[in-house]
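Trainee: sequence unknown, structure follows:
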């Protein structure tokens, strides 16, 4: 039997068959069904993760770019900024390491405004997305800012009381207030900002043209003269910002509790009677409200004319400062803008604006160096009608008072020599008199005039009335009780503090921004000012020349920048 040599392929056939069988078995098994989806999922996760990383990197740079651009255009839009807007924007981006994104900003400026808009449109280079064929993503940032002061109404309520004479306070106030006016006028559009100045001491005086537009009842002299133009507000007046032109108001009489007890303005001067020198309501132009002005020279000249004197009535100053911002004053202001004697620029004929006018900001700057002190007023039983005092100028020039004692019906002749009781006022009879020791007898002459209360108080101080006249027959104590303390009354510190807080709250409730300055003020005044301010940051406590810094800070705060996009 012969032997045959076998080929190697004969051995491989069974092996091949076993492999095919194994493959067929594997193909039929379900355990490998997720292999392909898993591969695709892993690939997708890598792609999405790459997108996410690049997007996070881009958002990081975009946020930083937007934040820096916002700050840059705000600084560039500042009216005090000396550099050009493009230089400011570039400087901010450079310091933040973003100078590669700089693009020239758009800007526009004029009197009272500056607008700046920075826009950056660039490409952000990708990292992982580059492998998917995306080499860059669009990066966009824009910011627009403007500084403008359109529709601004300001009341400067300034203390000019007697204590302002100390430590150069009035001098420092004048400089600070005038700088404030220069700053505000230079950086506002003409006709868009009005400033009212309300100087206050014991009272607040009104110019005649403003006084005549309110329904104020002030007793007049026999010839119709009214020498004082102030208002004795009631407690309810401080609960509201409104001051109706038609509502009845009580006027402050022209009188003084301060002048000398030893001389009389009616009889002292050879030229004739002179008004009392220190009335509660002062009739001087530099004490009167200056309503709604826009001219820096007019405003500064007025402030320069201030003189210090009198008590401190923060409440009344604040009331008038608020009233000039309240829409109820619009008919009054409109009337002041018309006619040949117009005292308010025609630009402000429609002011004060409504409180909800989004284009108008209302601001009060209230300053004092003290605290509320006494505010005096004549009691109602000495306001209207005639007094029991007669005044006569005899033919020889002798000036003689006669006073009636109602309980007896007799008249006391207040002669320099030989004063006596008679049954008629001097000058209405034919009796004889001597008015100096050794003088010859003369027969009474002249015309006796019964003085009404307004005329009596306008030329004769309350101190002289009791001490120089009524003391002759009443005695010092009775005369002082009746004809000094019995004629006037006063509101004191606690009442006036409550009124100040009330009117301040009423102003803030209407959206008026209230800044207050305590200028070397005592603690009692400081507490009121702090309560009055719109917030803690709206109150300034200053000494000496620091008052200029306070006004400068307020000017900057009023001109706060705002992002508009």
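Mentor: Sure, I can see it. Here the structure is a predicted model, which means the values were calculated and not measured.

Trainee: confirm that residue 137 sits in a helix.
Mentor: No. Residue 137 is assigned strand when assessed by DSSP: H, G, I helix; E, B strand; the rest coil, not a helix.

Trainee: and the nearest residue to it once chain neighbours are set aside, what does it touch?
Mentor: Nearest residue to residue 137, sequence neighbours excluded (Cβ to Cβ, 6 or more residues apart in numbering): residue 124, at 4.7 Å. From N, CA and C alone the C-beta is placed, and that goes for glycine too. Going by Cβ atoms under 8 Å, 6 or more residues apart in numbering, residue 124 touches 57, 58, 61, 62, 136, 137, 138, 139.

Trainee: make it 7 Å
Mentor: Applying Cβ atoms under 7 Å, 6 or more residues apart in numbering, we find residue 124 in contact with 58, 61, 136, 137, 139.

Trainee: which two of those residues have the greatest separation?
Mentor: 61 and 136 (12.4 Å; Cβ to Cβ).

Trainee: could you redo the contacts of residue 124 as TSV and give each row neighbour count and distance to residue 378?
Mentor: Listed next are the contacts of residue 124 as TSV, based on neighbours: other Cβ atoms under 10 Å; distance: Cβ to Cβ, whole Å:
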residue	neighbour count	distance to residue 378
58	17	78
61	16	75
136	14	85
137	16	82
139	17	76
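
Trainee: out of those, who's nearest residue 192?
Mentor: Looking across the contacts of residue 124 and measuring by Cβ to Cβ, the closest to residue 192 is residue 139, at 38.7 Å.

Trainee: and the residue nearest to residue 476 when sequence neighbours are not counted, how far is that from residue 257?
Mentor: With Cβ to Cβ, 6+ apart as the measure, residue 467 is the residue that lies nearest to residue 476, at 7.2 Å, once sequence neighbours are left out. For residue 467, the distance to residue 257 equals 12 Å [Cβ to Cβ, to the nearest Å].

Trainee: what's the burial count for residue 53?
Mentor: 14 (other Cβ atoms under 10 Å).

Trainee: would you mind measuring from it to residue 308?
Mentor: Distance of residue 53 to residue 308, computed by Cβ to Cβ: 72 Å.

Trainee: and if you look at residue 72?
Mentor: When distance is defined by Cβ to Cβ, residue 72 is 47 Å away from residue 308.

Trainee: again, but for residue 113
Mentor: Counting by Cβ to Cβ - residue 113 and residue 308 are separated by 38 Å.

Trainee: tally of neighbours for the residue nearest to residue 476?
Mentor: 19.

Trainee: residue 258 too?
Mentor: Applying other Cβ under 10 Å, we find 18 residues neighbouring residue 258.

Trainee: that one: what secondary structure?
Mentor: Per three-state DSSP, the local secondary structure of residue 258 is coil.

Trainee: so what strands line up beside the helix or strand hosting residue 389?
Mentor: Applying DSSP states H and E as the criterion places residue 389 in strand 386-393. Strand 386-393 sits in its sheet next to strand 399-405 (antiparallel), strand 449-452 (antiparallel), going by DSSP bridges.

Trainee: reformat those strands as CSV; add mean neighbour count and mean pLDDT.
Mentor: Below are those laid out as CSV (neighbours: other Cβ atoms under 10 Å; pLDDT from 0 to 100):
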stretch, mean neighbour count, mean pLDDT
strand 399-405, 20, 97
strand 449-452, 18, 98
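
Trainee: for the most centrally placed residue in the chain, what are its contacts?
Mentor: Per Cα atoms, centre = their mean, the C-alpha nearest to the average position across the chain is that of residue 364, at 0.8 Å. Contact analysis of residue 364 by Cβ under 7 Å, 6+ apart lists 155, 157, 321, 322, 507, 512, 514, 515.

Trainee: what helix or strand does it sit in?
Mentor: strand 361-368.

Trainee: adjacent strands (with direction) for that strand?
Mentor: Strand pairing for strand 361-368, using DSSP bridges, gives strand 152-159 (parallel), strand 513-519 (parallel).

Trainee: and the last one, what's its mean pLDDT?
Mentor: Per-residue pLDDT values over strand 513-519 give a mean of 97.

Trainee: please renumber the chain so that the first residue is 44 from this point on.
Mentor: Sure thing, new numbering starts at 44, so read that last one as strand 556-562.
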